[in-house]
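K.L.:
Okay, structure incoming, though there's no sequence with it:
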């Protein structure tokens, strides 16, 4: 059984908050995590996609008061948003920690009822696909990058299974989940948009290009892309704006969140094809960024930096108004840096830059610049071993 990074935070949240919300994409392991806790804590588990469990909630107040001495788990809670005002009322009557756990496949921005009704009563935890620290020796970085971090396709030994899994996963989101969350797009348009995002993965986001290709307005494209992000299908990295006298690139960068999903959309099903693809560097960059995001705190801020004259840093992470990490991301264990990287370091006044590689030993390549591996960066950010 894989120990997930979120487990300790989940255990602490159950002791401190009346309601714990675990959010993340479908099939990421939310239900499995909670099921493991049923052996440690008395829980009532309700799957709100199952008719038999929905029947128990025909009179929700009656049912929930009858099991008030147990932790009640509500899985796929977005299917019954009218529960949130009742949960608020029950919690206000009895604020004991660990009363409810809600699991959802959408961010609080889409679960509007929960964010409005349970403010001050709920602690949200975001669950990501598997990262390198979680899989340890089970998977190599190559395997995790190629197949993505969703447990079923990642741990399957059959590539054909992964292809079928992602086909069904995307179809479910396009035809059912996104419309349920309120996305007004035709499923065919949503599928086309996902294909376009995959083609542009790691590039600067140009709303006009998407709008022209799909014959939609720019505001409509922005709305559709916000749904993809809030359903945990994409990641957007905003540009860092400073007051230095530089002509800055102010466009965000857009990534498919899971590398396995990206590779399915791009028609990549083996490592040789991946390494020969023209956008392999962008795929690796997105994989690293999302791996790092999985071990950060919820209020950490992720940026990229680029100027019109070529100064660039792939990833900047800010915590408590200070730089936590500045990184260039390279798909080689013997990286070289451009003059633009050194200029960006001067622009930003960086004290250190990490060059993140697949598996290089940690070594200094220049003053204030350290080459290291993705695994060591993840360990440092999670609070494990230090780098350098």
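P.N.:
Cool, got the structure. Only a predicted model underlies this, so the values are computations on that prediction, with no experimental measurement involved. Residues are numbered from 1 along each chain as shown.

K.L.:
any chance you could map the helices in the stretch 151-300 of the chain?
P.N.:
Applying DSSP state H, counting those that start in this stretch to the stretch 151-300 of the chain gives helices spanning 151-155, 159-172, 178-181, 187-199, 207-214, 218-230, 259-265, 271-275, 280-293.

K.L.:
Of those, which stretch is the most buried?
P.N.:
Mean neighbour count, computed with mean count of other Cβ atoms under 10 Å, is highest for helix 259-265 among these, reaching a mean of 25. Every C-beta, even on glycine, is put in place using the N, C-alpha and C of the backbone.

K.L.:
tell me the SS of residue 72?
P.N.:
Under DSSP: H, G, I helix; E, B strand; the rest coil, residue 72 falls in the strand class.

K.L.:
Against residue 124, how distant is the nearest residue to residue 94 once chain neighbours are set aside?
P.N.:
Once flanking residues are discounted, residue 94 sits nearest to residue 68: 7.0 Å by Cβ to Cβ, 6 or more residues apart in numbering. Separation of residue 68 from residue 124 (Cβ to Cβ, to the nearest Å) stands at 23 Å.

K.L.:
okay, those two: which has more neighbours?
P.N.:
More crowded of residue 68 and residue 124, by other Cβ atoms under 10 Å: residue 124, with 20 against 12.

K.L.:
ok so, going back, go through the helices of the stretch 151-300 of the chain and find the least confident stretch.
P.N.:
Ranked by mean pLDDT, the helices of the stretch 151-300 of the chain end with helix 178-181 at the bottom, a mean of 90.

K.L.:
where does the stretch 51-200 of the chain have low pLDDT?
P.N.:
For the stretch 51-200 of the chain, the stretches with pLDDT under 70 are 110-116.

K.L.:
can you give me the strands for it?
P.N.:
Counting by DSSP state E, counting those that start in this stretch, residue ranges of the strands within the stretch 51-200 of the chain are 71-75, 100-104, 122-126.

K.L.:
buried set for stretch 50-65?
P.N.:
Within stretch 50-65, the residues that qualify as buried by neighbour count (16 or more other Cβ atoms under 10 Å) are 53, 56-57, 60, 64.

K.L.:
if we can go back for a sec, how about the strands of the stretch 51-200 of the chain, which one is nearest residue 185?
P.N.:
Nearest to residue 185 among those is strand 100-104; the distance by Cβ to Cβ comes to 20.8 Å.

K.L.:
angle of the closest one against strand 122-126?
P.N.:
On the basis of axes from the mean of the first three to the mean of the last three Cα atoms, to 10 degrees, strand 100-104 is oriented at 40 degrees to strand 122-126.

K.L.:
Strand 100-104 - contacts with which helices or strands?
P.N.:
Here strand 100-104 is seen to pack against strand 19-23, helix 30-37, strand 71-75, helix 83-93 when contacts are counted using 3 or more Cβ pairs under 8 Å, 6 or more residues apart in numbering; DSSP states H and E.

K.L.:
redo that, cut-off 7 Å
P.N.:
Counting contacts by 3 or more Cβ pairs under 7 Å, 6 or more residues apart in numbering; DSSP states H and E, strand 100-104 packs against strand 19-23, helix 30-37, strand 71-75.

K.L.:
buried sites along the second one?
P.N.:
Using 16+ other Cβ under 10 Å as the test for burial, helix 30-37 gives 30-31, 33-34, 37.

K.L.:
Can you tell me which of the residues you listed is nearest residue 132?
P.N.:
Using Cβ to Cβ, the shortest approach to residue 132 within the buried residues of helix 30-37 belongs to residue 33, at 18.7 Å.

K.L.:
give the contact list for the spatially closest residue to residue 183 that is not a sequence neighbour.
P.N.:
With sequence-adjacent residues excluded and distances taken as Cβ to Cβ, 6+ apart, residue 183 is closest to residue 227, at 4.4 Å. Shown in contact with residue 227 (Cβ atoms under 7 Å, 6 or more residues apart in numbering): 178, 181, 183.

K.L.:
who's in contact with the residue nearest to residue 31 when sequence neighbours are not counted?
P.N.:
Spatial nearest neighbour of residue 31, excluding adjacent residues (Cβ to Cβ, 6+ apart): residue 75 at 5.8 Å. Contact partners of residue 75, counting by Cβ under 7 Å, 6+ apart, are 31, 45-48, 103.

K.L.:
Let's have the residues you listed in CSV, adding distance to residue 93.
P.N.:
Putting those into CSV (distance: Cβ to Cβ, whole Å) gives the following:
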residue, distance to residue 93
31, 28
45, 23
46, 20
47, 26
48, 23
103, 23
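
K.L.:
Could you turn the buried ones of these into a PyMOL selection?
P.N.:
Applying 16+ other Cβ under 10 Å to the contacts of residue 75, the buried members can be selected in PyMOL as follows:
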select buried, resi 31+45+46+47+48+103
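
K.L.:
Show the contacting residues for residue 144.
P.N.:
Contact analysis of residue 144 by Cβ under 7 Å, 6+ apart lists 130, 132, 135, 154.

K.L.:
meant to ask about residue 98, not that
P.N.:
Going by Cβ under 7 Å, 6+ apart, the list of residues near residue 98 reads 14-15, 71.

K.L.:
and what of residue 292?
P.N.:
377-378, 381.

K.L.:
Likewise for residue 281?
P.N.:
Residue 281 makes contact with residue 331, according to Cβ under 7 Å, 6+ apart.

K.L.:
ok, 10 Å please
P.N.:
Counting by Cβ atoms under 10 Å, 6 or more residues apart in numbering, residue 281 makes contact with 202, 329-332.

K.L.:
How much space separates it from residue 141?
P.N.:
15 Å.

K.L.:
Including distance to residue 288, could the contacts of residue 227 go into TSV?
P.N.:
Converted to TSV, these look like this (distance: Cβ to Cβ, whole Å):
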residue	distance to residue 288
178	27
181	28
183	29
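
K.L.:
so which of these would you say is closest to residue 257?
P.N.:
Closest to residue 257, out of all of those and judged by Cβ to Cβ, is residue 178, at 14.4 Å.

K.L.:
Now do the closest one against residue 185, distance only.
P.N.:
7 Å.
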